[in-house]
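here is my input; please provide its structure:
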Amino acid sequence: MLELIHNDHKNLAILIQLLRERHAALVEKGEVNYSLIRDVVDYMQDYADKYHHKVEDVVYDYYLTHVCHQDAENNKLAQEHKKLELNTDELRTMLDMILNDCVIPLDQFAEKLGEFIELQQSHMDYEEEHVLPELEAKMSPSDWQAVADQFPVCPGATFEEAKATAQRLDPLFGQQVAEQYKELAKRLQKRSECVSV
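Predicted coordinates:
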């Protein structure tokens with residue numbers, strides 16, 4: 001399960017970097033591709049907020065309750081996930097307004113996009129540096145099986161079944177790219193080809 005989470009983080013890091021580049025172009029030159037940014041934000045709402053974070057919440061709730069024997073009410077991870085969802089909703093609303101020809105000052109959009117990027121990066125860093133190493137060190141194989149039994153998408157699935165389901169569910173990096181993300185997928189493919197040359 002940790003491998004699934006790490007893999008999602010690698011994919012999200014690619015998107016965050018793309019947003020950083022778009023943000024820099026916006027700040028330096030006033031260039032902005034609102035549709036591209038919206039596609040990234042949509043993906044983060046559709047996959048990260050609705051699926052990826054739910055998996056992390058199930059794992060971490062189990063860890064707090066059954067391994068640490070702590071009250072899950074003070075779950076910093078779940079609180080951060082709620083904050084990310086609100087921030088993503090706010091940016092998505094702003095993008096919708098802009099794409100529907102509402103006038104939003106460029107500096108206001110740049111500030112909101114910068115806040116979104118930093119919040120996403122900070123959260124992922126917190127998970128990679130603190131949460132995931134703690135889970136890896138303290139959870140036993142039987143703990144991981146108990147978590148797999150609660151897997152939000154396929155309860156009781158083996159790790160391989162959960163992994164296959166995750167690959168089917170991911171509408172951008174999964175086995176099949178959803179229609180709405182085809183342009184974004186092409187953009188990411190071109191970027192990776194330029195980087196590897």
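
skipping adjacent residues, who's closest to the residue most central in space within the chain in space?
Nearest residue to the geometric centre of the chain (Cα atoms, centre = their mean): residue 48, 3.6 Å. Distances taken as Cβ to Cβ, 6 or more residues apart in numbering put residue 12 closest to residue 48, at 6.3 Å, once the chain neighbours are dropped. Bear in mind the C-beta positions are built from the backbone N, C-alpha and C, glycine included.

can you check residue 44 too?
Using Cβ to Cβ, 6+ apart, the closest residue to residue 44 is residue 88 (5.5 Å).

okay, and the one you found sits in which element?
Counting by DSSP states H and E, the element that carries residue 88 is helix 76-99.

pLDDT score assigned to the residue nearest to the centre of the chain?
Per-residue confidence at residue 48 stands at 89 (pLDDT).

distance check, residue 99 against residue 22.
Counting by Cβ to Cβ, to the nearest Å, the gap from residue 99 to residue 22 is 15 Å.

pLDDT below threshold where in this structure?
72-74, 151-167, 194-197 (pLDDT under 70).

quick one: the helices in it?
Counting by DSSP state H, one finds helices in the chain at the ranges 2-29, 34-43, 53-62, 76-99, 106-126, 132-138, 141-148, 159-169, 182-196.

need the ones you listed in a markdown table (columns: mean neighbour count).
As requested, these are exported to a markdown table (neighbours: other Cβ atoms under 10 Å):
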| stretch | mean neighbour count |
| --- | --- |
| helix 2-29 | 16 |
| helix 34-43 | 19 |
| helix 53-62 | 19 |
| helix 76-99 | 16 |
| helix 106-126 | 16 |
| helix 132-138 | 13 |
| helix 141-148 | 14 |
| helix 159-169 | 16 |
| helix 182-196 | 12 |
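
redo those helices as JSON lines? Include distance to residue 68.
Listed next are these as JSON lines, based on distance: least, Cβ to Cβ, whole Å:
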{"stretch": "helix 2-29", "distance to residue 68": "17"}
{"stretch": "helix 34-43", "distance to residue 68": "32"}
{"stretch": "helix 53-62", "distance to residue 68": "10"}
{"stretch": "helix 76-99", "distance to residue 68": "13"}
{"stretch": "helix 106-126", "distance to residue 68": "17"}
{"stretch": "helix 132-138", "distance to residue 68": "8"}
{"stretch": "helix 141-148", "distance to residue 68": "11"}
{"stretch": "helix 159-169", "distance to residue 68": "23"}
{"stretch": "helix 182-196", "distance to residue 68": "38"}
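
what's the closest of those to residue 176?
Residue 176 lies closest to helix 159-169 among the helices of the chain, at 7.6 Å (Cβ to Cβ).

so how far is residue 171 from residue 124?
19 Å.

same question for residue 84.
18 Å.

OK, contacts around the residue nearest to residue 48?
44, 48, 52, 120, 124 (Cβ atoms under 8 Å, 6 or more residues apart in numbering).

could you dump stretch 177-186 to CSV, C-alpha only?
The C-alpha trace of stretch 177-186 is given here as CSV (Å, rounded to 0.1, in the frame of the first residue of the first chain):
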residue,chain,number,x,y,z
VAL,A,177,-6.3,8.1,-19.9
ALA,A,178,-9.8,9.6,-19.4
GLU,A,179,-11.0,11.7,-22.3
GLN,A,180,-10.9,14.9,-20.3
TYR,A,181,-7.2,14.4,-19.5
LYS,A,182,-5.9,13.4,-23.0
GLU,A,183,-4.5,16.9,-23.7
LEU,A,184,-2.8,17.0,-20.3
ALA,A,185,-1.4,13.5,-20.9
LYS,A,186,0.0,14.7,-24.3
